[in-house]
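Q: Turn this into a structure:
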Amino acid sequence: MTADHADQVLAIYQAGIDEGDATFESAAPSWEAFDAARLPEHRFAAVDGHGTVLGWVAACRVSDRCAYAGVVEHSVYVSPAARGRGVARALLDALIASTEAAGIWTVQSGVFPENTASLALHRKAGFRVIGTRERIGRHRGVWRDVVLLERRSAVVA
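A: You can find the predicted model right below:
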């Protein structure tokens with residue numbers, strides 16, 4: 001994923017925000033803020049033969065503390081027009097390969113329980129539910145729960 005993908009990546013992010021079950025965010029950030037917050041070596045865009053971004057995945061550090069050096073949190077978003085075609089799974093597989101090659105032992109995420117497609121995708125990709133943070137934050141005036149998921153590497157010891 002590069003700055004060349006910025007407009008499309010942020011449009012896909014905004015579409016997920018607008019649907020209401022993807023994030024607590026209310027608006028996609030600027031490309032500069034998005035770029036600064038995500039690890040360059042652990043972000044990918046799925047692009048078709050016409051240069052259209054179908055989806056993206058990106059990870060960020062969960063902490064600057066050295067004990068968490070091998071733990072990242074990720075987000076994966078797919079354009080509404082490209083859903084159901086394996087894009088999200090391909091993106092997660094690319095992220096898992098890059099994080100394992102870099103010695104990262106845990107990839108985690110928080111998902112609204114209503115986002116059943118994301119929960120199913122993550123389970124198929126080897127993530128497990130750690131628990132649910134109940135009423136962790138307000139979203140559009142309503143308290144929301146977040147399901148915590150993690151994938152522990154079988155390769156990184």
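
Q: Tell me how many other residues surround the residue lying closest to Ala15 once chain neighbours are set aside.
A: Nearest residue to Ala15 in three dimensions, chain neighbours excluded: Pro80, at 5.8 Å (Cβ to Cβ, 6 or more residues apart in numbering). (Glycine included, C-beta is placed from N, CA and C.) Look at Pro80: counted by other Cβ atoms under 10 Å, it has 11 neighbours.

Q: and Pro80, how far is that from Asp35?
A: 24 Å (Cβ to Cβ, to the nearest Å).

Q: repeat for Gly20
A: 25 Å.

Q: Tell me which of those two has more neighbours.
A: Neighbour count, other Cβ under 10 Å: between Gly20 and Asp35, Asp35 has more, with 17 against 14.

Q: Am I right that that one sits in a helix?
A: Yes - counting by DSSP: H, G, I helix; E, B strand; the rest coil, Asp35 is located in a helix.

Q: so where do the helices sit in the chain?
A: Counting by DSSP state H, the chain has helices at residues 6-19, 31-37, 87-101, 116-124.

Q: how far is the first one from where the chain is centred?
A: So the one you mean is helix 6-19. 13 Å (Cα atoms, centre = their mean, to the nearest Å).

Q: now the residue nearest to the spatial centre of the chain, nearest residue through space, not along the chain?
A: Among the residues of the chain, the one closest to the centroid is Ser75, at 1.0 Å (Cα atoms, centre = their mean). Leaving aside its chain neighbours, Ser75 sits nearest to Ala58 (5.9 Å; criterion: Cβ to Cβ, 6+ apart).

Q: so what's the one you found bridging to?
A: Arg43, Ser75 (DSSP bridges).

Q: residues near it, how many?
A: Ala58 has 25 nearby residues by other Cβ under 10 Å.

Q: Please list all residues in contact with it.
A: 1, 38-39, 42-44, 74-75 (Cβ atoms under 8 Å, 6 or more residues apart in numbering).

Q: One more pass at 7 Å, please.
A: By Cβ atoms under 7 Å, 6 or more residues apart in numbering, the contact set of Ala58 is 1, 38, 42-43, 74-75.
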